[in-house]
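A.B. asks: need a 3D model of the following:
(one chain, ligands or ions: 2)
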Amino acid sequence: MNFEELLKGRACSCGMNHTCAIKHIIIGKGANEKLGALLGDYRKILLVADTNTYAACGDTVKAQIGDKLESLLVYERDGLLIPNEEAVGEMQAKLTDETDLIVGIGSGVIQDTCKYVSHKAKLPYAIVATAPSMDGYASVGAAMIMGGMKVTYSAHVPEIIIGDIDVLKDAPMDMIKSGYGDILGKYSCLNDWKLARIVRGEYFCPYVYDLTMDMVVKTRDLGERLLARDPDAVQTLMEAIIGVGVAMAFVGNSRPASGSEHHLSHYFEIVGILRGEDYFMHGTDVVYSSVYTQRIREQLLKLNTPEKNVLLSREAWEENIRRIYGKIADSVIALQDKMGWYGEDRFPVYSEKWPEIQAVLAEAPSAEEMLGYIGSIGLDLAEFDALYGEKKIDDALKFAKDLKDRYSVLWLYYDLLIS
Ligand SMILES: [Zn+2]
Ligand SMILES: [Zn+2]
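C.D. replies: Ligands and ions are numbered 1, 2, ... in the order given. The predicted model follows:
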């Protein structure tokens, strides 16, 4: 993909001027060797890694920074590094009045923490990716764990993203699988985006939709080659991962990258943190969840005409939200009260536009096809069913939507299919 061209942005027929504040995206073999040339006038750089990511390419990156290195922070860790107050504090302690750039080496946690700290300090940051594990590199969202809870802050995009295929292809395989899953999940969210346009008249951009879909189509058949760590396949996956981030920047929200399947994955993560229960890596949860959102679409396609559902009473709904979300239930209820969608009758819209709605639902690949992609990279939906069980999945399908202020097929499910 020609990122230089893409980053120029576009005055679009959708009425928006699509822009992205990222200055440089370099993905390729030996890309890390190109970092030095992009550092321009920066003089006092804080380099951040953890022991694993430093081992992956720390010395190369440090050499590229050369005498512009002000300080180095390598998080020591036994288990997983958590993007919490402690990690933030450690990084902030390394900043001086003169620090002018933060360079992070890593994937999810390191990039989220660098994004968060640099935004607070009003400093630019660059990220040297070590795994094609999720599509957050190019997004503004910093997913942190604060006060023991997952909180996504709106921060800023990096100035530079480097993805060296020689490093990325050697990432832990479960991270590569997760990245592939995050991209395949776009089939579900892109369909939700079209659905929201019909049902709620939401903003929609055909150009950004096509741009994202094109990346999904290029990635979908690479499962086996990714398992073999084929460099060209890893390159295509990484380009999709970064490209989707640019697509989000283009529309100013995460519509092109996150829909019902992400709402389900966030549910499993958030409930997992609340209850101390296991959950899968982000993109793995996403792609498994996308089979379930697709099964909903297939159920909806069987409805010749929508029939008015008997909805839960306010009391029953609240009872469920409190049972599921425990100490964060109040904020979930407050969000839904603010949106007021429970007090809205969407049935007339469903009735009037049912053929149009079904035509969109029919566009998404079948659950069977999704299972084929999942299997191609050695994932098996049975492990998802076994980890979460029927009740937790059923709760997710009914109440994951309540974590968000976004319309998706989960609302259609709630409005027309639950009993
Ligand atoms: Zn547009
Ligand atoms: Zn994702």
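
A.B. asks: how close does whichever residue of the stretch 151-300 of the chain sits closest to ligand 1 get to K186?
C.D. replies: In the stretch 151-300 of the chain, the residue that lies nearest ligand 1 is C205 (3.3 Å; CB to the ion). Backbone N, C-alpha and C define where each C-beta goes, glycine included. Distance from C205 to K186, counting by CB to CB, to the nearest Å: 15 Å.

A.B. asks: neighbour-wise, which of the two wins?
C.D. replies: K186 (30 against 23; other CB atoms under 10 Å).

A.B. asks: am I right that the more buried one is in contact with S254?
C.D. replies: No. K186 lies out of contact with S254 (CB atoms under 8 Å); the separation is 11.1 Å.

A.B. asks: after the helix or strand containing V48, next one along is what?
C.D. replies: Using DSSP states H and E, V48 falls within strand 45-50. Downstream of strand 45-50, the first helix or strand assigned by DSSP H and E is helix 51-65.

A.B. asks: need the CA coordinates for that next one. CSV is fine.
C.D. replies: Provided in CSV are the C-alpha atoms of helix 51-65 (Å, rounded to 0.1, in the frame of the first residue of the first chain):
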residue,chain,number,x,y,z
THR,A,51,12.1,-6.6,28.3
ASN,A,52,10.5,-8.6,25.5
THR,A,53,10.1,-5.8,23.0
TYR,A,54,13.6,-4.5,23.7
ALA,A,55,14.9,-8.0,23.0
ALA,A,56,13.0,-7.9,19.6
CYS,A,57,14.7,-4.9,18.2
GLY,A,58,15.8,-2.5,20.9
ASP,A,59,19.4,-2.2,20.0
THR,A,60,18.7,-1.4,16.4
VAL,A,61,16.2,1.3,17.4
LYS,A,62,18.6,2.7,20.0
ALA,A,63,21.3,2.9,17.4
GLN,A,64,19.0,4.8,15.0
ILE,A,65,18.3,7.4,17.7
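
A.B. asks: and that helix, how far from the chain's centre?
C.D. replies: 26 Å (CA atoms, centre = their mean, to the nearest Å).

A.B. asks: domain map for the protein?
C.D. replies: Listed domain ranges for the chain are 3-167, 176-202+255-416 (source: automatic domain parsing).

A.B. asks: mind putting those domains into a markdown table with distance to ligand 1 and mean pLDDT?
C.D. replies: Output for the domains of the chain, formatted as a markdown table (distance: least, CB to the ion, whole Å; pLDDT from 0 to 100):
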| stretch | distance to ligand 1 | mean pLDDT |
| --- | --- | --- |
| domain 3-167 | 3 | 94 |
| domain 176-202+255-416 | 11 | 96 |
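
A.B. asks: what is the burial count for T99?
C.D. replies: Using other CB under 10 Å, the number of residues around T99 comes to 18.

A.B. asks: for the one 3 residues further on, same thing?
C.D. replies: When counting by other CB under 10 Å, one arrives at 26 neighbours for I102.

A.B. asks: residue contacts, V286?
C.D. replies: Applying CB atoms under 8 Å, 6 or more residues apart in numbering, we find V286 in contact with G181, D182, G185, E261, H262, L264, S265.

A.B. asks: nearest to D214, of the domains of the chain?
C.D. replies: Taking CB to CB, domain 176-202+255-416 is the member of the domains of the chain nearest to D214, at 10.6 Å.

A.B. asks: the helices in the stretch 251-400 of the chain, which residues?
C.D. replies: Applying DSSP state H, counting those that start in this stretch to the stretch 251-400 of the chain gives helices spanning 260-275, 282-301, 314-325, 329-339, 347-361, 367-376, 381-399.

A.B. asks: mind listing what's buried in the fourth one?
C.D. replies: Think helix 329-339. Going by neighbour count (16 or more other CB atoms under 10 Å), the buried part of helix 329-339 is A329, V332, I333, Q336.

A.B. asks: re earlier: helices and strands around the strand holding V48, which ones?
C.D. replies: Applying 3 or more CB pairs under 8 Å, 6 or more residues apart in numbering; DSSP states H and E, one finds that strand 45-50 makes contact with helix 51-65, strand 69-75, helix 85-94, strand 101-106, helix 108-120.

A.B. asks: out of these, which comes closest to G148?
C.D. replies: The minimum distance between G148 and the helices and strands packed on strand 45-50 falls on helix 85-94, with 9.9 Å, by CB to CB.

A.B. asks: what's the closest one packed up against?
C.D. replies: Short answer (3+ CB pairs under 8 Å, 6+ apart): helix 85-94 packs on strand 45-50, strand 69-75, helix 108-120.

A.B. asks: related to what we said a few turns ago, rebuild the domains of the chain as a markdown table, extending it with distance to Q235.
C.D. replies: Formatted as a markdown table, the domains of the chain follow (distance: least, CB to CB, whole Å):
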| stretch | distance to Q235 |
| --- | --- |
| domain 3-167 | 5 |
| domain 176-202+255-416 | 12 |
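
A.B. asks: can I get the helices of the stretch 251-400 of the chain in TSV including distance to V167?
C.D. replies: Putting the helices of the stretch 251-400 of the chain into TSV (distance: least, CB to CB, whole Å) gives the following:
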stretch	distance to V167
helix 260-275	26
helix 282-301	19
helix 314-325	39
helix 329-339	39
helix 347-361	40
helix 367-376	24
helix 381-399	28
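
A.B. asks: quick revisit: ok, and the closest non-adjacent residue to the residue of the stretch 151-300 of the chain closest to ligand 1?
C.D. replies: Distances taken as CB to CB, 6 or more residues apart in numbering place C14 nearest to C205, at 4.0 Å, with adjacent residues excluded.
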